[in-house]
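Visitor: Requesting a structural model of the entry that follows:
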Amino acid sequence: MRKVQLFISGEQVELFNDESISLTQTIQNVKDISKVFANFSKSFTLPASKTNNKIFKHYYNYNINNGFDARKKVDAQIELNHLPFQSGKIKLDSVSLKNGVAYSYKVTFYGEIVDLKDIIGDDDLTSLSWLSNFTRSYAATTIRSDLQSTGVSFTVDATTYTSAWVMPLITNSNRLFYDSGVTPPNYFNTDGTVNPLGSNLYYNGNPHGVYYEELKYAIRVWLIIKAIEESYTGITFSSGSFIKLTSNPQFYNLYLWMHRESGYAFKPGQETTKLYNQFTSDLVSMSNVIMLNDKLVIYGLTGGDTVAFTLTITCSGGNDYIVYVKKDGSDFAQKGGASGADVVITGNLTNTSTGYQIYIQGPVNAGVNYTAEWSLTKGAENHDYLGGNMAITVAQTFVAQEQMPNTKVIDFLTGLFKMFNLTARKNADGEIVVETLSDFYATGVERDITQYVDSSASEVSVALPFKELKFEYKGRSTKIAKLYEEQEGIGWGTTEYKVDNELYGDTYTVEAPFEHLQFERFSGTDIQAGVCINENDKPFVGLPILFYPYLVTGGTAISFLNVPPTVNSLTSYLIPSNSVDIAAGTNDDTNHFSVEINEYTPTDAFNGSLFLNYYSDYVEDVFDEKRRLIKVKAKLPVSFLVSYSLADTLRIGDELYLINSITTNLNTGDSDLELLNKL
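Guide: This is a model prediction of the structure:
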């Protein structure tokens, strides 16, 4: 006899005697191959018993204070005959009443990997506060030095991150070129406007070339994964996860260009924005409140609880300024202070993922300081947190957290999963294991379920629900990439897979949410550059940009323009690339889905595309004419259900199968299996 036990927040729930609980599990469904986070869910009802009413705090009675918060998922576990089966989350959907009396609770159980989305939510990349450890002076001399190096290393908490940043030859406003046959004009016209012809990299000592404010730093993608772990309690990727390894240069050498706004990183003039970071860390003065030097963290509030606040910013000068408050990286409040007047913002604070942060935008004024004070009240508790003086200095500082592209953390992760065909699951220690699909299947074992299968009926159908697959980047809007698409009739870095034009079905697209730049190598030189402008030659933001850096040494001299009229000749410079190396014989991996002619080394020998390395085996099997989708019914024992993995190979008689999906009635063991014959 089998029994199902359900626990919510550690308390056992009472079940209806005749209520069936069934769950569907799938890792990569042949019908939806871009599904990147393995999860499952199923709704069922629970009796409104005395025990369950206590767990759900009589949710149907909305007059109860600090009751159950149905807006959030809570921890849950399912056991079969008191053996662990699945951990995950429960969400309360509704309460059914009969004659005014609570009768049942409708809930949905979610597989535990959905925690990733629950924890991160809609947070922007700028919410990753750990990235505030990575800052650098944004000055011509610093940028010139970094452009000539393999990268900038940072030490955080006694750990050194080698080449954490690089300065690539990618411009944000004007397209670079090289022409030794003309005398280039100055970069700036006499009226202060920019002359595009001044972007000629040919060096002759005159003030033209690549102007330092045209350049922005890039950060190693691996560090963004680290920042996600550091910024969110409950997210830890296992040490062997694909996105934690440093041994695969196709992933580890990938960098994200820190391009949040179109054009220059800092707008003209002396007005700038600075993160206020002058508080003294205080972890104990109020419950549910942590004060750190650069942020205020609110945590653990339940029900409709909030923390009332008054934020006061004082300016010692007479200038206009603006105060911005961000919650978890997103805009929360803003208010201006005219002629140095105090800024006072009031309201209520709620739970945060990474905290509330204060930014002050104002002009550079020697001797002018700003102070900030949080005055907080929660019930009978109250406390004031007063910060120290902070000045807005003339030196521009490039802060990784502030310069992150405007995209959600979850979208960024999803994009990486789609690029490298990754899957995610949790291990016994609660860590998230991220691995390629092929590595995941390699962890499986063979299990014989012949004796449990109903051999009286089964169904065999075509496994292929579409006629063609397309793998592409969503962002192909830069001028050069659009020109390529117009000329070639296919997107830059895009590949299409089909074996027969007569196959029926739709085209299925796997789309990575990144901008894919096409770079230019200038004829007769060692120079390669990129530019982020649209087809109208205007600076634009686009989607996040990923690339590989390569340092050219002893190359064609380029003209680097500092603060005019100072100009330097550089023969070493870091170029952007879509291939890990410029020599296919050294490394032929790329960040294309397709095999493209390499921009720097004009050959198609760079065969290590994302499709060929991470998708081709799986896709070729999907399109194989011998592939079938087999549906069978089975009565699976508890011993199988509590031990099998979706990576396992199932044996039925003399045949072997991969699991596409399994839907199981946990009360009876009756299961519907979708299987793929193993080729």
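Visitor: Pull the residues that contact stretch 91-111.
Guide: Under the contact criterion CB atoms under 8 Å, 6 or more residues apart in numbering, stretch 91-111 has outside partners 16, 21, 23, 25, 38-48, 52-53, 56, 58-60, 68, 70, 72-74, 76, 78, 86, 88-90. C-beta here means a position set from N, CA and C on the backbone, and glycine is covered the same way.
Visitor: again, 7 Å this time
Guide: 23, 38-48, 52-53, 56, 59-60, 68, 70, 73, 76, 86, 88-90 (CB atoms under 7 Å, 6 or more residues apart in numbering).
Visitor: Sticking with G304, tell me its helix or strand.
Guide: Using DSSP states H and E, G304 sits within no helix or strand.
Visitor: ok, of the contacts of stretch 91-111, which come out buried?
Guide: 23, 38-40, 42, 44-48, 52-53, 56, 59-60, 68, 70, 73, 76, 86, 88-90 (16 or more other CB atoms under 10 Å).
Visitor: So which of those are in strands?
Guide: Of these, the ones assigned to strands by DSSP state E are L23, K42, F44, T45, L46, P47, A76, Q86, G88, K89, I90.
Visitor: per-residue pLDDT, A634?
Guide: For A634, the model assigns a pLDDT of 93.
Visitor: ugh, wrong one, I meant A395
Guide: 69.
Visitor: which residues sit in contact with the closest residue to L23 other than its chain neighbours?
Guide: Leaving aside its chain neighbours, L23 sits nearest to K42 (5.1 Å; criterion: CB to CB, 6 or more residues apart in numbering). Residues near K42 by CB under 7 Å, 6+ apart: S22, L23, T24, T108, F109.
Visitor: Could you measure from K42 over to S49?
Guide: 21 Å (CB to CB, to the nearest Å).
Visitor: Ramachandran coordinates for the residue positioned nearest the centre of the chain?
Guide: Centroid-nearest residue in the chain: F412, 2.5 Å away (criterion: CA atoms, centre = their mean). The phi/psi pair for F412 (degrees, to the nearest 10) reads phi -60, psi -50.
Visitor: Equivalent analysis for G198, please.
Guide: Dihedral angles (degrees, to the nearest 10) for G198: phi -80, psi 0.
Visitor: which residue of the chain sits farthest from its center?
Guide: Of all residues in the chain (CA atoms, centre = their mean), N99 lies farthest out, 48.5 Å.
Visitor: and the gap between the residue nearest to the centre of the chain and D589?
Guide: 21 Å.
Visitor: Specify the residue ranges that define each domain of the protein.
Guide: Domain assignment for the chain by automatic domain parsing gives 4-118, 267-395.
Visitor: Report the distance from the shortest one to the chain centre.
Guide: Computed by CA atoms, centre = their mean, to the nearest Å, the chain-centroid distance of domain 4-118 equals 28 Å.
Visitor: Okay, helices next: where are they in the stretch 51-200 of the chain?
Guide: 115-120, 140-147 (DSSP state H, counting those that start in this stretch).
Visitor: which of those helices has the lowest average pLDDT?
Guide: helix 115-120 - the lowest mean pLDDT of the helices of the stretch 51-200 of the chain, at a mean of 76.
Visitor: Please name every helix or strand in contact with it.
Guide: Using 3 or more CB pairs under 7 Å, 6 or more residues apart in numbering; DSSP states H and E, the elements in contact with helix 115-120 are helix 409-420.
Visitor: how far is the helix it packs on from where the chain is centred?
Guide: 5 Å.
Visitor: Start and end of stretch 441-454, how far apart?
Guide: Its start and end residues considered, stretch 441-454 measures 26 Å (CA to CA, to the nearest Å).
Visitor: got a list of contacts for it?
Guide: Residues contacting stretch 441-454 (CB under 7 Å, 6+ apart): 632-637, 640, 644-645, 647-653.
Visitor: what about the stretch 501-650 of the chain, any weak spots by pLDDT?
Guide: Across the stretch 501-650 of the chain, the ranges flagged by pLDDT under 70 are 501-505.
Visitor: And the strands in it?
Guide: Counting by DSSP state E, counting those that start in this stretch, one finds strands in the stretch 501-650 of the chain at the ranges 506-515, 520-521, 528-531, 546-552, 558-561, 567-570, 573-577, 628-635, 649-652.
Visitor: and the first one, what does it pack onto?
Guide: Yep, that's strand 506-515 we're talking about. helix 409-420, strand 466-475.
Visitor: I'd like to check the angle between the last one and strand 506-515, please.
Guide: Which is strand 466-475. For strand 466-475 against strand 506-515, the angle by axes from the mean of the first three to the mean of the last three CA atoms, to 10 degrees is 10 degrees.
Visitor: for the first one, same thing?
Guide: What separates the directions of helix 409-420 and strand 506-515 is an angle of 120 degrees, with the same axes, to 10 degrees.
Visitor: which residues sit against helix 409-420?
Guide: 34, 36, 117, 120, 123, 125, 127-128, 228, 242-243, 251, 436, 510, 512-514, 544, 610, 614.
Visitor: likewise the shortest one?
Guide: Here strand 466-475 makes contact (CB under 7 Å, 6+ apart) with 491, 493-498, 503-516, 542-543, 593, 611, 615, 619.
Visitor: now the strands: where do they sit in the stretch 301-450 of the chain?
Guide: Under DSSP E, counting those that start in this stretch, the stretch 301-450 of the chain gives strands at 307-315, 321-327, 330-337, 343-349, 356-363, 369-378, 381-386, 390-391, 397-399, 422-426, 432-436, 446-448.
Visitor: next one: the longest one to chain centre, how far?
Guide: Put simply, strand 369-378 sits 32 Å off its chain's centre (CA atoms, centre = their mean).
Visitor: returning to that earlier point: the helices and strands packed on strand 506-515: lowest mean pLDDT?
Guide: Mean pLDDT is lowest for strand 466-475 out of those, coming in at a mean of 87.
Visitor: what comes up buried for the helix or strand just after it?
Guide: Using DSSP H and E, the helix or strand that follows strand 466-475 in sequence is helix 479-488. Residues K479, I480, A481, K482, Y484, E485 are the ones in helix 479-488 that count as buried (16+ other CB under 10 Å).
Visitor: Need the CA coordinates for helix 479-488. PDB is fine.
Guide: Extracted in PDB, the C-alpha atoms of helix 479-488 (Å, rounded to 0.1, in the frame of the first residue of the first chain):
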ATOM      1  CA  LYS A 479      24.300  48.800 -38.700                       C
ATOM      2  CA  ILE A 480      26.900  46.200 -39.800                       C
ATOM      3  CA  ALA A 481      24.900  43.200 -38.700                       C
ATOM      4  CA  LYS A 482      21.800  44.500 -40.500                       C
ATOM      5  CA  LEU A 483      23.900  45.100 -43.700                       C
ATOM      6  CA  TYR A 484      25.000  41.500 -43.500                       C
ATOM      7  CA  GLU A 485      21.500  40.200 -43.100                       C
ATOM      8  CA  GLU A 486      20.300  42.200 -46.000                       C
ATOM      9  CA  GLN A 487      23.000  40.900 -48.200                       C
ATOM     10  CA  GLU A 488      23.000  37.200 -47.100                       C
END
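Visitor: Other residues contacting the next helix or strand after that helix?
Guide: Remark: after helix 479-488, the chain's next helix or strand is strand 495-497, criterion DSSP H and E. The contact list for strand 495-497 (CB under 7 Å, 6+ apart) reads E468, L469, K470, F471, F593, S594, F611, V619.
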